[in-house]
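Engineer: next comes the sequence, and after it the predicted model I'd like to discuss.
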Amino acid sequence: MSAHGIPIPMMSYPCGPIKGEACIPGDKSISHRSLILGALAIGETRISGLLEGDDVLDTAEAMRAFGAEVTDLGGGEWSVHGVGVGGFCEPDNIIDCGNSGTGVRLIMGAMATSAITATFTGDASLNSRPMARVTDPIALFGAQSIGRTGGRLPMTIIGAVDPVPIRYVVPMPSAQVKSAVLLAGLNVPGKTVVVEKEATRDHTERMLVGFGAEVTVEDTLEGRVITLTGQPELRPQTILVPRDPSSAAFPVCAALITEGSDVLVPNIGLNPTRAGLFATLREMGADLTFENEREEGGEPVADLRSRFSPHLKGIDVDSNRAASMIDEYPILSVVAAFAEGSTVMKGVKELRVKESDRIDAMATGLRKNGVDVDEGEDWWIVHGRGHSNVRGGAICESHLDHRIAMSFMVMGMATQNPVGLDDGSPIATSFPIFERLMSSLGADLKRSKP
Ligand code: S3P
């Protein structure tokens with residue numbers, strides 16, 4: 001079933017070279033955080049380049065429900081009049097976060113230390129994902145939660161009346177959990193400390209500093225120790241959202257596997273906590289170059305050029321890099337299918353609890369299309385077939401997961417036979433212009449009955 005109840009079956013046909021400039025929408029992680037931090041500041045935050053995908057629009061709606069004034073000014077320009085730290089009001093109705101784990105987990109954190117109650121729900125994918133990873137730490141602040149069996153949504157959070165600061169070691173590599181704890185810590189007197197054993201994307205820390213909070217980060221033997229001083233007055237900001245490297249991965253990888261391709265992806269966010277895919281692709285022999293490396297709005301950005309790379313080699317992907325490319329494993333597995341030799345991906349248990357079980361969803365679709373895959377609980381191996389030797393010809397399931405859907409559509413561009421998809425509607429959650437953009441570069445994507 002699609003996110004909106006109407007599935008969109010799609011086909012991707014083998015195509016000629018893709019060429020041109022790929023203008024990618026705004027970063028999803030930074031877009032969510034811009035709206036939430038804007039809602040927690042006092043005064044007007046202006047955001048340019050906001051990702052207007054379903055996930056982020058659901059967060060905008062949620063911020064309105066908590067009392068912020070959020071206005072779409074047109075052309076990717078948004079205004080948020082915030083209510084200040086501790087100023088959230090109690091929503092009149094259930095908060096529907098759609099498909100978005102980032103949305104729901106960050107908002108649960110942001111409201112958990114205010115004396116209000118809110119109930120959260122989502123689509124079938126989100127309602128099957130684990131929420132204990134957030135309700136455990138917010139309980140330490142004094143918040144209560146009641147949800148379905150296994151800590152699933154729908155779930156009600158009763159915010160702490162008298163929250164106390166906590167020190168929390170995040171048990172899994174998760175920027176969402178780290179961020180939920182930091183956002184909860186905003187409305188708590190004293191210092192909230194979060195420790196992460198592996199560095200995950202650090203947009204929350206960077207943006208909190210930008211909004212005027214006192215945040216220190218220390219690398220210690222225990223891991224990254226982030227200390228937030230509670231109850232700051234957040235100052236409204238003017239934010240330019242960089243373009244999303246996780247979305248850029250699709251045209252970048254499509255160019256690598258499609259003969260004769262040459263694509264330029266301008267202005268891509270290259271925060272080191274997000275850039276693991278590009279390092280991995282280069283190790284595989286990808287013809288990728290970064291041009292005009294610079295800093296914009298506190299985030300490193302560059303223009304990325306990707307060209308057809310006929311001699312990609314399978315590699316052992318460094319598991320220390322997993323957190324910095326966690327959303328890119330589905331599309332990496334497609335590139336790996338077109339490489340010579342096997343690509344080994346380890347330390348990736350988190351892939352099993354994303355919008356879908358991404359190891360299972362990709363392994364099943366790859367196998368159906370003639371690619372051998374081995375898998376275990378926290379690892380998988382894709383046995384590459386070389387660049388012109390992937391059969392294709394089968395229909396894959398997207399499992400309500402945008403990245404699975406886009407990965408298979410990219411695969412069909414370079415297989416011997418077209419690749420089908422049961423439902424492309426989830427693509428709208430993060431990359432609403434995917435079909436149009438990829439077609440303008442030369443992809444042959446069609447909506448069709450499977
Ligand atoms: C995100 C964190 C990651 C990532 C997700 C976005 C964020 O999730 O997969 O797409 O914006 O904080 P986890 O925190 O579950 O690793």
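Structural biologist: Great, that's in hand.
Engineer: nearest to the ligand: which residue in the stretch 1-150 of the chain?
Structural biologist: Closest contact between the stretch 1-150 of the chain and the ligand, by CB to the nearest ligand atom, is at residue 29 (3.2 Å). In this view, the C-beta of every residue, glycine as well, is placed from N, C-alpha and C.
Engineer: the host helix or strand of that residue packs against which elements?
Structural biologist: Per DSSP states H and E, residue 29 falls inside helix 28-40. Packing partners of helix 28-40 (3 or more CB pairs under 8 Å, 6 or more residues apart in numbering; DSSP states H and E): strand 42-48, helix 54-65, strand 69-74, strand 77-83, helix 101-111, helix 175-185, helix 203-210, strand 238-240.
Engineer: re the thing from before, wait, the residue of the stretch 1-150 of the chain closest to the ligand touches residue 203, no?
Structural biologist: Yes. Counting by CB atoms under 8 Å, residue 29 touches residue 203, with 5.3 Å between them.
Engineer: between these two, who's got more neighbours?
Structural biologist: Higher neighbour count among residue 29 and residue 203: residue 29, with 28 against 25, using other CB atoms under 10 Å.
Engineer: got the contact list for residue 22?
Structural biologist: Taking CB atoms under 8 Å, 6 or more residues apart in numbering as the criterion, residue 22 is in contact with 248, 251, 263, 264, 265, 437, 441.
Engineer: what are the ranges of the helices in the chain?
Structural biologist: 28-40, 54-65, 101-111, 132-141, 175-185, 203-210, 245-257, 276-283, 329-337, 358-368, 402-411, 434-441 (DSSP state H).
Engineer: contacting residues around residue 415?
Structural biologist: 14, 369, 390, 391, 392, 393.
Engineer: now, the most widely separated pair of those residues?
Structural biologist: The distance between the two most remote of those (CB to CB) is 12.2 Å, for 14 and 369.
Engineer: up against the ligand, what does this protein have?
Structural biologist: Selection of the chain residues close to the ligand by CB under 6 Å from any ligand atom yields 29, 102, 174, 175, 176, 179, 201, 326, 327, 350.
Engineer: and those, which of them are buried?
Structural biologist: Neighbour counting by 16 or more other CB atoms under 10 Å classes 29, 102, 174, 175, 176, 179, 201, 326, 327, 350 among the residues of the chain next to the ligand as buried.
Engineer: was I right about the fifth one contacting residue 100?
Structural biologist: Meaning residue 176. No. Under the criterion of CB under 8 Å, residue 176 makes no contact with residue 100, lying 9.9 Å away.
Engineer: what touches both of residue 29 and residue 203?
Structural biologist: With CB under 8 Å, 6+ apart as the test, residue 29 and residue 203 both reach residue 175.
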